[in-house]
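> Turn this into a model:
(2 chains)
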Amino acid sequence: MAKKISSGLKIGVCISLSMIAFATRTPITLAALFLCNVSAIMLFNAPFLSILKECRFFLVQSVIIIVLYILKFGWHSGFIPGLTLSVQFVFFLLPGIILSHSVSPAQTARSLSLILPHHLAFVLSVCIHFIHNLIEEMNEIYEAQILRGARISAKELCNPINWKDVVNGLIIPTIIYGFMMARQISIAAKAREFQIYQKRTFWNG
Amino acid sequence: MAEPLLTIQDLSLKYQTAEKKILNHIHLQIKRGECIRIIGKTGSGKTTLLLAIAGFIEKADIFGTIQRIQTKNMHPIGLILQNPETQLFSQTVGEEVAFGLENLCVPPDQMKPMITNALNDVELDKPLSFKVKHLSMGQKYRLIMASQLVMSPRLILLDEPCGQLDQQGIDALTQIILNLKKKDISFMICEHHEKQLRTITDQFFVMNQHGNLVQTTYQNEPSGNVNHEKPAEDNNVSSEIITFRNVSIAFDHRKQVLSDFNATIRKGDIVAIYGKNGSGKTILLRSLCGFIKPSKGYIHICGHPPAPTKLRYKAGILFQNPQKQLFETTVFKELSFQLRRLKIDDLTIQNRIHEILDRFGLANFVHNSPFKLSYGQKHLVAMASIIVNRPEIIILDDPFAGIDTQMAQKIIVALKQLNRTYQCTIIWTSHEIGLFQSFSTQTILLEN
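Next up, the predicted model:
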């Protein structure tokens, strides 16, 4: 079934789901969007467990957003809007992860090149597909920093005092590593004559 | 006489942000079918030389000339970097090899035979629809090589090809290079200490610390053996600190990585765990720290099942490419991060940090940003940030991959001293079976 769905359609569905997340604010529409995302995972035959694992990082982000809202607006006025915003944010990013698991970078680049310049289509497809690598690296950094003394376990993050450790010990090294990775990818692409001509051909194998 | 493929005359290079030149008055000539090998300390400028030849250096002052052979081929020089993961862009083997052809605007109907030939050249017998993620590290490296060969380069530059490969992968690579040399393809290889590559090398150079390239012979190559005395063995009085009993670990609840693994490690042991790429070394270390739970059997560390937050300050772990763990603004702050958490007084912190930095030859960089150091220096800072805390257990995942012998020696000496003085237990892994074997009281071989 998943093979019968064209990559262009998968990309279209994922972009639409991501955009819809901005407009979805009520519990019923959010629940409906959740079901749509789950359906997309099943229809596109994306690995459910891997996606679930990669979504763990959203938990940290959601906790921070909710707590910030509670601190600013109080429990009664802050909790629901904070929860809604964090869920919207998860639903904005989730389709990108589904897409990266269900469509190959070459297919993504090919489909995107119908609406974007060839080089931009390739860069965008690589960005989507290196999300896994970056999340894996982030996981590795997380584990090493916990043993080094960074207070970033799920339980410790309930205390806002420890949030500084997330920024210093996890987010900064991940961003720096992301830049390093981007540079290496860029050199590797140039080493295979990427951007030597204005256009590219596409293998249809 | 055939025209050389590459002639470098009096090449010097200085990065605009650096104080001194990284390459200094380099002369080099490569002929058809020749293989040049360059060794040198980590951070000596080997990769910079390769990038300069490939034309990828930015923000640097370059003096001298690099003369490449004039050819109609749009891809005369191929470059393969150290990390295979950032050089693979596609999901299937066919798509990956086709990437270069797509960039060269080769018509799609002409691509298939070219892709098949390139895969044959590297002896990668996989269908074109085979998923890249299911290839072993050695196969991935060969796929990257095929991705270059499909564009018919005359010279291929390889940066640390053996850094990520196990013995089987290195043997296969050696044979492939030998075959390609017969087809008049030339190679320039920067590598630390792989003896296997000797059989294919025609010219051998050493890059010294001043950025000079000196031609030499194999007799002068620094020995890969580190002068070891065995660590103090005191097992009769030591207590068990880590126990693995019938441990099986399945990755992502599917693929069985380890099966019925048993081991007992005592306090003060130095344990070397060897295994090929994909044999489960990293998974084993992560389960030891409590980040992965065994699907069968049990692990006990310090008398309890492993839990990351409980092991904090007791165990220190260093994963592969440890420099990515760095985050502070100075080397001093990086090393003092955990010591400050332990509420150790300032004087002790200073003494400990200066002692370890002296030992690693990093004393002059104490107030520098760790991010501005060379690759090898970052590796040492990350290692020092673990050692300085004097944890009871040190866990190191492939700590000698990608660093030179002298640097490895410094690390071994520091670890041995920690082991002797504080009876610290050290567990380290390597994909090179038998590497620095004398730096262990116990060895474990993981079979695939």
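> Check which residues of stretch B:42-56 are buried.
For stretch B:42-56, a neighbour-count test (16 or more other CB atoms under 10 Å in any protein chain shown) marks B:42-54 as buried. Heads up, the C-betas are built off the backbone N, CA and C, glycines and all.
> Within reach of chain A, which of those residues are there?
Intersecting the buried residues of stretch B:42-56 with the contacts of chain A gives B:51, B:54 (criterion: CB under 8 Å from any CB of the partner chain).
> Need the buried residues of stretch B:42-56 in JSON lines (columns: secondary structure and pLDDT).
As requested, the buried residues of stretch B:42-56 are exported to JSON lines (DSSP: H, G, I helix; E, B strand; the rest coil; pLDDT from 0 to 100):
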{"residue": "B:42", "secondary structure": "coil", "pLDDT": "75"}
{"residue": "B:43", "secondary structure": "coil", "pLDDT": "75"}
{"residue": "B:44", "secondary structure": "coil", "pLDDT": "83"}
{"residue": "B:45", "secondary structure": "coil", "pLDDT": "88"}
{"residue": "B:46", "secondary structure": "helix", "pLDDT": "90"}
{"residue": "B:47", "secondary structure": "helix", "pLDDT": "89"}
{"residue": "B:48", "secondary structure": "helix", "pLDDT": "92"}
{"residue": "B:49", "secondary structure": "helix", "pLDDT": "94"}
{"residue": "B:50", "secondary structure": "helix", "pLDDT": "94"}
{"residue": "B:51", "secondary structure": "helix", "pLDDT": "94"}
{"residue": "B:52", "secondary structure": "helix", "pLDDT": "94"}
{"residue": "B:53", "secondary structure": "helix", "pLDDT": "94"}
{"residue": "B:54", "secondary structure": "helix", "pLDDT": "92"}
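> Now do the biggest helix by length in chain B: distance to the chain's middle.
Criterion DSSP state H: the longest helix present in chain B is helix B:405-422. Centroid separation for helix B:405-422 versus its chain: 19 Å, with CA atoms, centre = their mean, to the nearest Å.
> Using CSV, write out every CA atom in it.
C-alpha atoms of helix B:405-422 as CSV (Å, rounded to 0.1, in the frame of the first residue of the first chain):
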residue,chain,number,x,y,z
THR,B,405,50.1,6.8,18.5
GLN,B,406,51.8,9.5,20.6
MET,B,407,48.5,10.9,21.7
ALA,B,408,47.2,7.4,22.5
GLN,B,409,50.3,6.9,24.6
LYS,B,410,49.6,10.0,26.6
ILE,B,411,46.1,8.9,27.3
ILE,B,412,47.2,5.4,28.3
VAL,B,413,49.8,6.7,30.7
ALA,B,414,47.3,9.0,32.4
LEU,B,415,44.7,6.2,32.7
LYS,B,416,47.3,3.8,34.1
GLN,B,417,48.3,6.2,36.8
LEU,B,418,44.6,6.7,37.7
ASN,B,419,44.2,2.9,37.8
ARG,B,420,47.2,2.5,40.1
THR,B,421,46.6,5.4,42.4
TYR,B,422,42.8,5.1,42.9
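> Next SSE downstream of it?
strand B:425-430 (DSSP states H and E).
> Tell me who's in contact with the nearest residue to residue B:349 once chain neighbours are set aside.
What sits nearest to residue B:349 in space, not counting adjacent residues and going by CB to CB, 6 or more residues apart in numbering or on different chains, is residue B:339, at 4.7 Å. Residues in contact with residue B:339 (CB atoms under 8 Å, 6 or more residues apart in numbering or on different chains) are B:348-349, B:352-353, B:388-389.
> still on that earlier bit, in the longest helix of chain B, what counts as buried?
Within helix B:405-422, the residues that count as buried by 16+ other CB under 10 Å are B:405, B:407-416, B:418-419.
> Tell me the pLDDT of the residue nearest to residue B:349.
pLDDT, the model's per-residue confidence, is 90 for residue B:339.
> Follow the chain on from the helix or strand encompassing it and name the next helix or strand.
Assessed by DSSP H and E, residue B:339 sits inside helix B:331-341. Next in sequence after helix B:331-341, counting helices and strands by DSSP H and E, comes helix B:346-359.
> How far does that following helix sit from its chain's centre?
In terms of CA atoms, centre = their mean, the centre of helix B:346-359 is set 28 Å apart from its chain centre.
> So which elements touch it?
Counting by 3 or more CB pairs under 8 Å, 6 or more residues apart in numbering or on different chains; DSSP states H and E, the packing neighbours recorded for helix B:346-359 are helix B:331-341, helix B:375-387, helix B:405-422.
> how much space between the residue nearest in space to the middle of chain B and chain A?
Compute the mean C-alpha point of chain B, and by CA atoms, centre = their mean the closest residue is residue B:402, 3.0 Å away. For residue B:402, the distance to chain A equals 14 Å [CB to the nearest CB, to the nearest Å].
> Can you tell me the SS state at that residue?
Assigned state for residue B:402: coil (three-state reduction, DSSP: H, G, I helix; E, B strand; the rest coil).
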